[in-house]
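> Mind looking at a prediction? Sequence and model below.
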Amino acid sequence: MARLKLSGIKKNFAGVDVIKGVDLDIEDGEFVVFVGPSGCGKSTLLRLIAGLDEISVGTLELNGKVSNDVPSRDRGIAMVFQSYALYPHLTVAQNMGFSLSLRKTPKAEIEEKVNQAAKILQLDHLLERKPSQLSGGQRQRVAIGRAIVRQPSIFLFDEPLSNLDAALRMDTRAEIAKLHRDFAATMIYVTHDQVEAMTLADKIVVLNGGLVQQVGAPMELYENPCNPFVAGFIGSPKMNLFETRVTALDGAMATLDLLGVPVSVPARRVSAPGAAIFGLRPQALSLNAGPFSFSGQVSLIERMGPETVINLLLPGGKTLIAVLPGNADLRLDQSVTLFFAAEDIHLFPADTKN
Amino acid sequence: MKTSSLWRMMPLLAPTQLLLISVIVIPSIYVVWLSFHASTYGQAATFVGIENYIRVLGDPGFHSALWNTVVLVVVAVHLELLIALGMALLFNSGLWGRRFLLVAVLAPYAVSEVVAVAMWRFLFDQGVGPITVLLNALGLPALEWSYEPSHAMIMIAVLTIWMHLPFTFVILYAARLALPSDLYEAARIDGATRLQSFRRVTMPLLGPAILVALLFRYIFAFRMFSEVWLLTGGGPARTTEVVAVYLYQEAFTYSAFGPASATAWIMVAVSMLLASGYILLLRRQVKNAA
């Protein structure tokens, strides 16, 4: 049982605000991912929850009780560090049982719990090794094992996969997802990788510049980003974003200037005429005829196998990224028209950039 | 094939080898040779077998010197280690004015031993020394090191700790700085108190550095000479003599080079024995820790 509530959390280091007021509710058993670019404050926020740094302003409630001053060890948390932070002088088994041995748990019980966790993570044969004798992936599993042994009510992961190679990252990601299903514990996971966020999370918290940009389920964020930052951050390749102008608003429809052509599209989040940002996912573009279109010259082709990513140089110098299915029959410098539908258009007021 | 490549390497290695042989190996062998002979100024050396060793090992003066040395090594080196460890942890925990303090702590190492001893003799001068005056003003007994042997030993120990503390401190401080902070964060989350972190994380990880510091300091301290020679000259009445001073007296006061050489080799043997015993013991402890 672990509910977490952050209210008006701020953190400053030497006068610099790193977290600028975060409100967030995390339900029991939820898998929450903090995602954002480097320096957005996601790791700091995790450290505040862990009790490794002190909260400057605001309250942290654990199960309804204000817990700002509760020491880390009494918060019922376990944390997996990016650097693994394994004790180099201890064996795998001793690393995993460290927290229990600190609490003077009987040896037999420690051994049983360590063996249990080792079995889950397939570390059985490595228990007597020292961390220096393990590969990166094995070290990461030991770090996760150390967390499991504590049987915490909240797991905290600080970019746990960023030191692993691509294949191992995918395996470990699946393992973490399985752990969440098996343990039904609350998990808070920090990453800068939106693929990890999309695949693991029940709820994604997008952070930028020390502020929460949007909170929601992965597909909700993908389909309905609340501002250009979230729109650009979630989804790969990045959403195409162009500055534009809404010239008239008529109910739910906005008339805007799209590269010199006036078009009428759903107004979405725009409520007044003026500067606006027009967004379109690369996957929304197609070679099949549709109501709206962009024409330009192909300046880059990346053939991935199942899809082809192209850059289209538009008149006026802007570049449009498009993802076309299969091996698209295109060549460099070819003039191409790409089509899209009205419902794929995202429109944001220009002042919501952050 | 191995031999031929060795021959080809010889010209390149030779200068270093020659240097080592001429400054270390030949003098050492000469001292071994000398230790089996009776030799003094103006006389040809005559072979006496192990008589020099028997004489030195049976000499009450040597016994007292060896005892003094062992006491000083054991007390001073361990106290020094404790102080250096405490200071290293204090510096690491974020001390105000750390840069300045670091210079201050390291300064004794830059001071000539002769100057250092002169300074301490002045500080503890039994008539006008500032520390003597201060102790008297506080109603405390002053160190009567020039005629009270136990006080003289304390004075020597304090002096040797002061002179060598920078060495031990630097080794331990560097080792502590090299420990990553996330280990301590992991320990905090694992539920370790500060004391538990120290005992179960810091100490085992500093173990190798402590071993290195101890090993060097045992060997240095066993050869201790200038502190004693310049401070008390081994007095009063040879009561504070250490082995190196005994050796010096044999060689240059009594011109008995044979026994002096035998003493030198006994020193080497004892200091190696002392060091290796300790190192083995500590290494086992470090391995078994936690």
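Sure thing, it's come through. Numbers count the residues shown, from 1 in each chain, chains lettered A, B, ... in the order given.

> Now do whatever helix or strand residue A:294 lives in: which elements does it pack against?
According to DSSP states H and E, residue A:294 maps onto strand A:292-303. Applying 3 or more CB pairs under 8 Å, 6 or more residues apart in numbering or on different chains; DSSP states H and E, we find strand A:292-303 packed against strand A:307-313, strand A:319-325, strand A:335-340. All C-beta atoms are positioned from the backbone trio N, CA, C, and that covers glycine.

> Which elements pack onto the last one?
Here strand A:335-340 touches strand A:292-303, strand A:307-313, going by 3+ CB pairs under 8 Å, 6+ apart.

> Take these and lay them out in TSV including mean neighbour count and distance to residue B:156.
Formatted as TSV, the helices and strands packed on strand A:335-340 follow (neighbours: other CB atoms under 10 Å in any protein chain shown; distance: least, CB to CB, whole Å):
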stretch	mean neighbour count	distance to residue B:156
strand A:292-303	16	77
strand A:307-313	19	79
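
> Of those, which is nearest residue A:257?
Smallest distance to residue A:257 across the helices and strands packed on strand A:335-340 (CB to CB): 13.2 Å, for strand A:292-303.

> Strand partners (parallel or antiparallel) of the closest one?
Strand A:292-303 has its sheet partners listed here by DSSP bridges as strand A:307-313 (antiparallel), strand A:335-340 (antiparallel).

> and residue A:261, how many neighbours?
10 (other CB atoms under 10 Å in any protein chain shown).

> Give the rounded mean pLDDT of stretch B:130-139.
Mean pLDDT, computed over stretch B:130-139, is 87.

> Name the residues of that stretch that come out as buried.
If you call a residue buried by 16 or more other CB atoms under 10 Å in any protein chain shown, then stretch B:130-139 has these buried ones: residue B:132.

> So what touches that stretch?
Outside stretch B:130-139, the residues that touch it by CB atoms under 8 Å, 6 or more residues apart in numbering or on different chains are B:123, B:124, B:125, B:126, B:141, B:142, B:143.

> What about those, which one has the most neighbours?
residue B:124 (22 neighbours).

> Redo the contacts of stretch B:130-139 as JSON lines? Include distance to chain A and secondary structure.
Shown next, in JSON lines, are these (distance: CB to the nearest CB, whole Å; DSSP: H, G, I helix; E, B strand; the rest coil):
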{"residue": "B:123", "distance to chain A": "42", "secondary structure": "helix"}
{"residue": "B:124", "distance to chain A": "43", "secondary structure": "coil"}
{"residue": "B:125", "distance to chain A": "49", "secondary structure": "coil"}
{"residue": "B:126", "distance to chain A": "50", "secondary structure": "coil"}
{"residue": "B:141", "distance to chain A": "46", "secondary structure": "coil"}
{"residue": "B:142", "distance to chain A": "47", "secondary structure": "coil"}
{"residue": "B:143", "distance to chain A": "42", "secondary structure": "coil"}
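
> Contact partners for residue 46?
By default, I'm working from chain A. Residues near residue A:46 by CB under 8 Å, 6+ apart: A:34, A:79, A:156, A:158, A:188, A:190.

> right idea, wrong chain: chain B
Here residue B:46 is in contact with B:37, B:38, B:39 (CB under 8 Å, 6+ apart).

> What average pLDDT does stretch B:205-213 get?
For stretch B:205-213, the mean per-residue pLDDT is 88.

> residues of it that come out buried?
Quick answer for stretch B:205-213 (16+ other CB under 10 Å): B:205, B:206, B:207, B:209, B:210, B:211, B:213.

> what's next to that stretch, contact-wise?
With CB under 8 Å, 6+ apart as the criterion, stretch B:205-213 contacts A:88-89, B:81, B:84-85, B:167-168, B:171-172, B:174-176, B:179, B:183, B:279, B:282-283, B:285-286, B:289.

> Stretch A:193-209 now?
A:20, A:22, A:24, A:26, A:30-37, A:40-42, A:45, A:161-162, A:173, A:176-177, A:180, A:189, A:191, A:212-218, A:221-222, A:229-230, A:233-236, A:354.

> Neighbours of residue B:24, how many?
Neighbour tally, residue B:24, other CB under 10 Å: 10.

> host element of the spatially most central residue of chain B?
Nearest residue to the geometric centre of chain B (CA atoms, centre = their mean): residue B:221, 2.0 Å. Using DSSP H and E, residue B:221 maps to helix B:203-222.

> Just the CA atoms of that helix, as CSV, please.
What follows is helix B:203-222, C-alpha atoms only, in CSV (Å, rounded to 0.1, in the frame of the first residue of the first chain):
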residue,chain,number,x,y,z
MET,B,203,36.1,1.1,6.5
PRO,B,204,36.3,-1.9,4.2
LEU,B,205,36.7,0.3,1.2
LEU,B,206,39.5,2.3,2.9
GLY,B,207,41.1,-0.9,4.0
PRO,B,208,43.7,-1.1,1.2
ALA,B,209,44.7,2.5,1.6
ILE,B,210,45.0,2.0,5.4
LEU,B,211,47.2,-1.0,4.7
VAL,B,212,49.5,1.0,2.4
ALA,B,213,49.7,3.9,4.8
LEU,B,214,50.5,1.5,7.7
LEU,B,215,53.1,-0.4,5.8
PHE,B,216,55.0,2.7,4.8
ARG,B,217,54.7,4.2,8.2
TYR,B,218,55.9,1.0,10.0
ILE,B,219,59.0,1.0,7.9
PHE,B,220,59.7,4.8,8.2
ALA,B,221,59.0,4.8,11.9
PHE,B,222,61.3,1.8,12.5
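
> Point out where the chain drops to low pLDDT.
In the absence of a named chain, chain A is used. A:1, A:352-354 (pLDDT under 70).

> not quite, I wanted chain B
Using pLDDT under 70, chain B drops low at B:1-3, B:285-290.

> Which residues of it lie near chain A?
Neighbours of chain A within chain B, by CB under 8 Å from any CB of the partner chain: B:180, B:182-183, B:185-192, B:196, B:200-201, B:204-205, B:207, B:289-290.

> returning to what we had before: got a markdown table for the contacts of stretch B:130-139, with distance to residue A:205 too?
Below are the contacts of stretch B:130-139 laid out as a markdown table (distance: CB to CB, whole Å):
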| residue | distance to residue A:205 |
| --- | --- |
| B:123 | 64 |
| B:124 | 67 |
| B:125 | 71 |
| B:126 | 73 |
| B:141 | 69 |
| B:142 | 69 |
| B:143 | 67 |
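
> any idea what sits nearest residue B:229, other than its immediate chain neighbours?
residue B:245 (5.7 Å; CB to CB, 6 or more residues apart in numbering or on different chains).

> what's the burial count for that neighbour?
Residue B:245 - counted by other CB under 10 Å - has 23 other residues nearby.

> Just the C-alphas of whichever strand or helix holds residue B:104, formatted as PDB.
Using DSSP H and E, residue B:104 sits in helix B:98-110. The C-alpha coordinates for helix B:98-110 follow below in PDB (Å, rounded to 0.1, in the frame of the first residue of the first chain):
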ATOM      1  CA  ARG B  98      39.100  23.500   3.300                       C
ATOM      2  CA  ARG B  99      41.700  24.800   0.900                       C
ATOM      3  CA  PHE B 100      43.500  26.800   3.500                       C
ATOM      4  CA  LEU B 101      43.300  24.000   6.000                       C
ATOM      5  CA  LEU B 102      44.700  21.500   3.500                       C
ATOM      6  CA  VAL B 103      47.800  23.700   3.100                       C
ATOM      7  CA  ALA B 104      48.100  24.000   6.800                       C
ATOM      8  CA  VAL B 105      47.800  20.300   7.400                       C
ATOM      9  CA  LEU B 106      50.300  19.500   4.700                       C
ATOM     10  CA  ALA B 107      52.900  22.100   5.700                       C
ATOM     11  CA  PRO B 108      54.800  20.000   8.200                       C
ATOM     12  CA  TYR B 109      55.900  17.800   5.300                       C
ATOM     13  CA  ALA B 110      57.600  20.700   3.700                       C
END
